[in-house]
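Engineer: Here is the input, now give the coordinates:
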Amino acid sequence: WVSGGAEFNWPTHHRPSTFMPVDFHIERAPDGSATVWLSEHEPMDRMKGMIGIHLHPRHARLETRVRLFNRTPLPKSFLFWENIAVPVSEQYQIFFPPDVSYVHFHYKKSVTGYPVAEGMFNGTDFGSGVDIRWHKNVRNATSFFSAPSRYDFFGGYDHGRQAGVVHVADRHVSPGKKLFTWGYNQLARTWERALTDTDGQYAELMAGSYSDNQPDFAWLEPLETKTFTHCWYPFKAIGEPRVANERLAVSVACENTAFFSRIYATEAIPGAHVVVAHGKRTLIERTI
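Structural biologist: Below is the predicted model of the structure:
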């Protein structure tokens, strides 16, 4: 493991063959898009995994197209998680969907509220309440797995840099939404020195398919194939999104007496009709 870019973990976490060579093939489409396929016959269970890293010239987002194959005559257990390393600071904020009211730890053995954590969680006492969306408020290394959500997105935003990352995936297939942080103590500094060159502090935005926790394994039946897609994109200047899909991230905020809705698009959407309503009252309606 190195603290940069994306780590694709399967059939366990972390992937035992992370630094082994893999086959690759570049596939180009008539629309100008390209997919770089990474393929491996993994050495533990003799299964095959493929990741297609897909870019489109008119989309400011990255897709990972996943194909997992059980090549054997026996059922095999597996995990699949994508880890994205992001630089963090005391101005960094994670965001889970608005219907998430609690988070849990590995094995679901610790549970606490979200966004405000209270009491003991994984050996840390959050007392009468700490807003764990803010990276500065989590001093010890820990993981926060999101509770089940009706939404397909999560991510992180650096209010100092005015930039962040959104992840989008079908929640019925890829329900896992997680943040891992080293925190701010001596253990954190030791690991960051070991795992980074000059980038300093980082955290991991982690997305799981067929699992919302580790080590909650799923199964591939003999000769079964599973296919699914994850989407990642950078965004800026809008603050924390209240809702997002692969095309748009939308934030809402009240500042003093003014109401703002900010939209970040990952592709050109000419003539978009925007309506913001509160109950039956229309607050904003315009074409942009």
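
Engineer: Check the contact between residue 99 and residue 146; I expect there is one.
Structural biologist: No: Residue 99 lies out of contact with residue 146 (CB atoms under 8 Å); the separation is 10.0 Å. Any C-beta I mention is one placed from the backbone N, CA and C, and that applies to glycine too.

Engineer: of those two, who's got more company?
Structural biologist: Relative neighbour count places residue 146 above the other of residue 99 and residue 146, with 24 against 11, counting by other CB atoms under 10 Å.

Engineer: which residues touch the closest residue to residue 112 other than its chain neighbours?
Structural biologist: Among residues not flanking residue 112 along the chain, residue 121 sits closest, at 4.2 Å (CB to CB, 6 or more residues apart in numbering). Contact analysis of residue 121 by CB atoms under 8 Å, 6 or more residues apart in numbering lists 105, 110, 111, 112, 142.

Engineer: can you pull up the bridge partners for residue 121?
Structural biologist: For residue 121, the beta-bridge partners under DSSP bridges are residue 124.

Engineer: Let me know the distance separating it from residue 99.
Structural biologist: 20 Å (CB to CB, to the nearest Å).

Engineer: Any of the contacts of residue 121 buried? List them.
Structural biologist: For the contacts of residue 121, a burial check counting by 16 or more other CB atoms under 10 Å picks out 105, 110, 112, 142.

Engineer: what's the closest of those to residue 34?
Structural biologist: Nearest to residue 34 among these, counting by CB to CB, is residue 142 at 38.1 Å.

Engineer: wait, doesn't that closest one sit right on residue 105?
Structural biologist: Yes: counting by CB under 8 Å, residue 105 is a contact partner of residue 142 at 7.0 Å.

Engineer: joint contacts of the two?
Structural biologist: Contacts common to residue 142 and residue 105, judged by CB under 8 Å, 6+ apart, are 121, 122.

Engineer: what's the burial count for residue 76?
Structural biologist: So residue 76, with other CB under 10 Å, has 20 neighbours.

Engineer: List the residues that contact it.
Structural biologist: With CB under 8 Å, 6+ apart, residue 76 has these contacts: 11, 45, 47, 70, 219, 220.

Engineer: Need the worst-confidence member of those.
Structural biologist: Lowest pLDDT among these: residue 45, with 90.

Engineer: Where does it sit: helix, strand or coil?
Structural biologist: Of the three states, residue 45 takes coil according to DSSP: H, G, I helix; E, B strand; the rest coil.

Engineer: I'd like to know how far it sits from residue 68.
Structural biologist: For residue 45, the distance to residue 68 - CB to CB - is 11 Å.

Engineer: More neighbours: these two, which one.
Structural biologist: Ranked by neighbour count (other CB under 10 Å), residue 45 and residue 68 place residue 68 first, with 24 against 16.

Engineer: Now that one: closest residue in space that isn't a chain neighbour?
Structural biologist: The shortest distance from residue 68 to any non-neighbouring residue, by CB to CB, 6+ apart, is to residue 226 (4.7 Å).

Engineer: Does the helix or strand where the one you found lies pack against any helices or strands, and if so which?
Structural biologist: Using DSSP states H and E, residue 226 maps to strand 225-236. Applying 3 or more CB pairs under 8 Å, 6 or more residues apart in numbering; DSSP states H and E, we find strand 225-236 packed against strand 62-69, strand 163-168, strand 202-209.

Engineer: I'd like to check the angle between that strand and strand 202-209, please.
Structural biologist: Computed by axes from the mean of the first three to the mean of the last three CA atoms, to 10 degrees, the angle separating strand 225-236 from strand 202-209 equals 140 degrees.

Engineer: Please name the strands paired to strand 225-236 in the sheet, noting orientation.
Structural biologist: Short version: by DSSP bridges, strand 225-236 pairs with strand 62-69 (antiparallel), strand 163-168 (antiparallel).

Engineer: Mean pLDDT and distance to residue 185 added to those strands, as CSV?
Structural biologist: Shown next, in CSV, are the strands paired with strand 225-236 (pLDDT from 0 to 100; distance: least, CB to CB, whole Å):
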stretch, mean pLDDT, distance to residue 185
strand 62-69, 98, 33
strand 163-168, 98, 25
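
Engineer: can you list those in JSON lines and add distance to residue 261?
Structural biologist: Formatted as JSON lines, those follow (distance: least, CB to CB, whole Å):
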{"stretch": "strand 62-69", "distance to residue 261": "26"}
{"stretch": "strand 163-168", "distance to residue 261": "17"}
